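S.K.: sequence first, then the predicted structure, then my questions.
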Amino acid sequence: ERAAWDQRLEAWSGNILLLVFVWPAKLIIKLSRFVLYLLMLAGNALSCFLSRQMEFDADRYEAHLAGSDTFEATSLRLRELNIAWFGARHDLQSFWDEGRLPDDLPALIVANTKQIPPKVMQSYDKAMKFRRTGIFDTHPSDQERLASVQLLDTPGFYHPDDQAADPLPAATPAH
(Lines give C-alpha, C1' and ligand atoms only; values in the text may rest on other atoms or scores of the structure.)
Protein backbone atom coordinates (compact mmCIF):
# COMPACT_ATOMS: atom_id res chain seq x y z
CA GLU A 1 0.00 0.00 0.00
CA ARG A 2 1.06 3.48 -0.62
CA ALA A 3 1.91 5.41 2.52
CA ALA A 4 2.60 9.03 3.43
CA TRP A 5 6.26 8.50 2.49
CA ASP A 6 5.25 7.54 -1.04
CA GLN A 7 3.25 10.73 -1.39
CA ARG A 8 6.11 12.85 -0.04
CA LEU A 9 8.60 11.21 -2.39
CA GLU A 10 6.27 11.86 -5.32
CA ALA A 11 6.00 15.50 -4.32
CA TRP A 12 9.79 15.80 -3.89
CA SER A 13 10.50 14.10 -7.22
CA GLY A 14 9.46 17.34 -8.95
CA ASN A 15 12.43 19.12 -7.38
CA ILE A 16 15.60 18.49 -9.42
CA LEU A 17 17.87 19.06 -6.41
CA LEU A 18 16.12 16.32 -4.37
CA LEU A 19 15.95 13.86 -7.27
CA VAL A 20 19.34 12.38 -6.32
CA PHE A 21 17.86 11.31 -2.97
CA VAL A 22 14.31 10.51 -4.11
CA TRP A 23 15.10 7.82 -6.71
CA PRO A 24 17.35 5.71 -4.43
CA ALA A 25 14.75 6.04 -1.66
CA LYS A 26 12.02 4.84 -4.04
CA LEU A 27 14.18 1.93 -5.13
CA ILE A 28 14.93 0.91 -1.53
CA ILE A 29 11.23 1.07 -0.66
CA LYS A 30 10.29 -1.08 -3.66
CA LEU A 31 12.98 -3.64 -2.85
CA SER A 32 11.98 -3.82 0.82
CA ARG A 33 8.32 -4.29 -0.16
CA PHE A 34 9.34 -7.07 -2.54
CA VAL A 35 11.32 -8.81 0.22
CA LEU A 36 8.34 -8.47 2.58
CA TYR A 37 6.06 -9.87 -0.11
CA LEU A 38 8.35 -12.91 -0.53
CA LEU A 39 8.40 -13.43 3.23
CA MET A 40 4.60 -13.24 3.29
CA LEU A 41 4.38 -15.90 0.55
CA ALA A 42 6.84 -18.13 2.39
CA GLY A 43 4.89 -17.76 5.64
CA ASN A 44 1.62 -18.51 3.87
CA ALA A 45 3.10 -21.59 2.16
CA LEU A 46 4.49 -22.85 5.48
CA SER A 47 1.15 -22.28 7.22
CA CYS A 48 -0.68 -24.20 4.48
CA PHE A 49 1.87 -27.04 4.66
CA LEU A 50 1.34 -27.34 8.43
CA SER A 51 -2.43 -27.28 7.98
CA ARG A 52 -2.20 -30.14 5.46
CA GLN A 53 -0.04 -32.11 7.90
CA MET A 54 -2.68 -31.66 10.61
CA GLU A 55 -5.27 -33.02 8.16
CA PHE A 56 -3.09 -36.07 7.50
CA ASP A 57 -2.75 -36.56 11.27
CA ALA A 58 -6.53 -36.37 11.74
CA ASP A 59 -6.98 -38.88 8.91
CA ARG A 60 -4.55 -41.29 10.58
CA TYR A 61 -6.44 -41.04 13.87
CA GLU A 62 -9.70 -41.79 12.07
CA ALA A 63 -8.12 -44.76 10.30
CA HIS A 64 -6.70 -46.16 13.54
CA LEU A 65 -10.09 -45.78 15.18
CA ALA A 66 -12.40 -47.04 12.43
CA GLY A 67 -10.08 -48.68 9.90
CA SER A 68 -8.63 -47.78 6.52
CA ASP A 69 -11.59 -49.16 4.56
CA THR A 70 -14.06 -47.21 6.68
CA PHE A 71 -12.02 -44.05 6.11
CA GLU A 72 -12.45 -44.41 2.36
CA ALA A 73 -16.19 -44.96 2.71
CA THR A 74 -16.63 -41.94 4.98
CA SER A 75 -14.55 -39.79 2.63
CA LEU A 76 -16.86 -40.65 -0.24
CA ARG A 77 -19.90 -39.99 1.93
CA LEU A 78 -18.50 -36.60 2.97
CA ARG A 79 -18.12 -35.68 -0.71
CA GLU A 80 -21.75 -36.55 -1.26
CA LEU A 81 -22.86 -34.57 1.80
CA ASN A 82 -20.80 -31.60 0.64
CA ILE A 83 -22.69 -31.52 -2.66
CA ALA A 84 -25.99 -31.94 -0.80
CA TRP A 85 -25.07 -28.98 1.41
CA PHE A 86 -25.22 -26.71 -1.65
CA GLY A 87 -28.78 -27.87 -2.29
CA ALA A 88 -29.64 -27.38 1.37
CA ARG A 89 -28.34 -23.81 1.24
CA HIS A 90 -30.64 -23.15 -1.69
CA ASP A 91 -33.51 -24.70 0.27
CA LEU A 92 -32.68 -22.54 3.28
CA GLN A 93 -32.88 -19.41 1.14
CA SER A 94 -36.24 -20.53 -0.25
CA PHE A 95 -37.53 -21.29 3.24
CA TRP A 96 -36.31 -17.91 4.48
CA ASP A 97 -38.12 -16.16 1.64
CA GLU A 98 -41.29 -17.99 2.69
CA GLY A 99 -40.79 -16.95 6.31
CA ARG A 100 -39.98 -20.37 7.72
CA LEU A 101 -36.95 -22.43 8.71
CA PRO A 102 -36.26 -26.18 8.71
CA ASP A 103 -36.59 -28.11 11.95
CA ASP A 104 -33.58 -30.34 11.28
CA LEU A 105 -30.74 -29.05 9.09
CA PRO A 106 -28.73 -32.31 9.07
CA ALA A 107 -31.86 -34.21 7.97
CA LEU A 108 -32.38 -31.64 5.20
CA ILE A 109 -28.81 -32.19 3.98
CA VAL A 110 -29.24 -35.97 4.02
CA ALA A 111 -32.56 -35.62 2.16
CA ASN A 112 -30.76 -33.59 -0.50
CA THR A 113 -28.29 -36.44 -1.12
CA LYS A 114 -31.13 -38.39 -2.72
CA GLN A 115 -31.70 -35.53 -5.17
CA ILE A 116 -28.14 -35.42 -6.52
CA PRO A 117 -28.17 -36.55 -10.15
CA PRO A 118 -25.80 -39.49 -10.74
CA LYS A 119 -23.99 -37.55 -13.49
CA VAL A 120 -23.19 -34.75 -11.04
CA MET A 121 -21.73 -37.23 -8.55
CA GLN A 122 -19.71 -38.99 -11.27
CA SER A 123 -18.39 -35.68 -12.56
CA TYR A 124 -17.43 -34.58 -9.05
CA ASP A 125 -15.71 -37.91 -8.33
CA LYS A 126 -13.79 -37.67 -11.61
CA ALA A 127 -12.67 -34.12 -10.82
CA MET A 128 -11.52 -35.16 -7.33
CA LYS A 129 -9.45 -38.04 -8.74
CA PHE A 130 -7.40 -35.67 -10.89
CA ARG A 131 -7.13 -32.80 -8.43
CA ARG A 132 -3.64 -32.22 -7.07
CA THR A 133 -2.68 -30.37 -3.94
CA GLY A 134 -1.29 -26.90 -4.50
CA ILE A 135 1.33 -25.17 -2.38
CA PHE A 136 -1.28 -22.81 -0.90
CA ASP A 137 -3.98 -25.45 -0.29
CA THR A 138 -4.93 -25.93 3.36
CA HIS A 139 -6.22 -29.47 2.77
CA PRO A 140 -4.55 -32.30 0.85
CA SER A 141 -6.31 -33.68 -2.21
CA ASP A 142 -8.65 -36.61 -1.66
CA GLN A 143 -6.30 -38.92 -3.55
CA GLU A 144 -3.36 -38.02 -1.31
CA ARG A 145 -5.48 -38.50 1.79
CA LEU A 146 -6.71 -41.91 0.65
CA ALA A 147 -3.20 -43.00 -0.34
CA SER A 148 -1.86 -41.94 3.05
CA VAL A 149 -4.49 -43.93 4.91
CA GLN A 150 -4.22 -46.97 2.64
CA LEU A 151 -0.52 -47.20 3.51
CA LEU A 152 -1.56 -47.71 7.13
CA ASP A 153 -3.77 -50.66 6.14
CA THR A 154 -5.26 -50.83 9.61
CA PRO A 155 -8.50 -52.59 10.51
CA GLY A 156 -9.16 -50.09 13.32
CA PHE A 157 -10.40 -51.08 16.73
CA TYR A 158 -13.96 -49.75 16.73
CA HIS A 159 -16.48 -51.68 14.67
CA PRO A 160 -20.14 -50.95 15.44
CA ASP A 161 -21.14 -54.16 13.62
CA ASP A 162 -19.37 -56.33 16.19
CA GLN A 163 -21.65 -58.23 18.51
CA ALA A 164 -19.59 -57.42 21.58
CA ALA A 165 -21.92 -55.84 24.12
CA ASP A 166 -19.21 -53.72 25.69
CA PRO A 167 -15.83 -53.05 24.07
CA LEU A 168 -14.28 -52.32 27.46
CA PRO A 169 -13.79 -55.17 29.92
CA ALA A 170 -16.00 -54.98 32.97
CA ALA A 171 -14.25 -53.92 36.14
CA THR A 172 -14.12 -56.62 38.77
CA PRO A 173 -15.34 -55.47 42.16
CA ALA A 174 -12.68 -55.30 44.84
CA HIS A 175 -13.35 -57.41 47.93
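M.R.: Done, it's in. All values reported here derive from a predicted model rather than from experimental measurement.

S.K.: low-confidence ranges in this structure?
M.R.: Applying pLDDT under 70 to the chain flags residues 1-2, 17, 162-175.

S.K.: SS state for the residue nearest to the spatial centre of the chain?
M.R.: Most central in the chain under CA atoms, centre = their mean is His139, positioned 4.2 Å from the mean C-alpha point. Assigned with DSSP: H, G, I helix; E, B strand; the rest coil, His139 falls in the coil class.

S.K.: tell me who's in contact with the nearest residue in space to it that is not next to it in sequence.
M.R.: Setting aside the residues directly before and after it, His139 is nearest to Glu55 in space (CB to CB, 6 or more residues apart in numbering), at 5.3 Å. Where C-beta positions appear, they are placed from N, C-alpha and C, glycine not excepted. By CB atoms under 8 Å, 6 or more residues apart in numbering, the residues touching Glu55 are Thr138, His139, Pro140, Arg145.

S.K.: how far away is the second one from Ala111?
M.R.: With the distance defined as CB to CB, to the nearest Å, His139 ends up 27 Å from Ala111.

S.K.: same deal with Pro155?
M.R.: Per CB to CB, Pro155 is found 33 Å from Ala111.

S.K.: these two - which one has more neighbours?
M.R.: More neighbours surround Ala111 than the other of Pro155 and Ala111, with 15 against 12 (other CB atoms under 10 Å).

S.K.: which strand or helix spans the more buried one?
M.R.: helix 105-113 (DSSP states H and E).

S.K.: from the contact counts, what lies against the helix or strand following that helix?
M.R.: Of the helices and strands lying after helix 105-113 in sequence (DSSP H and E), the nearest is helix 118-130. For helix 118-130, the packing partners by 3 or more CB pairs under 8 Å, 6 or more residues apart in numbering; DSSP states H and E come out as helix 68-98, helix 142-152.
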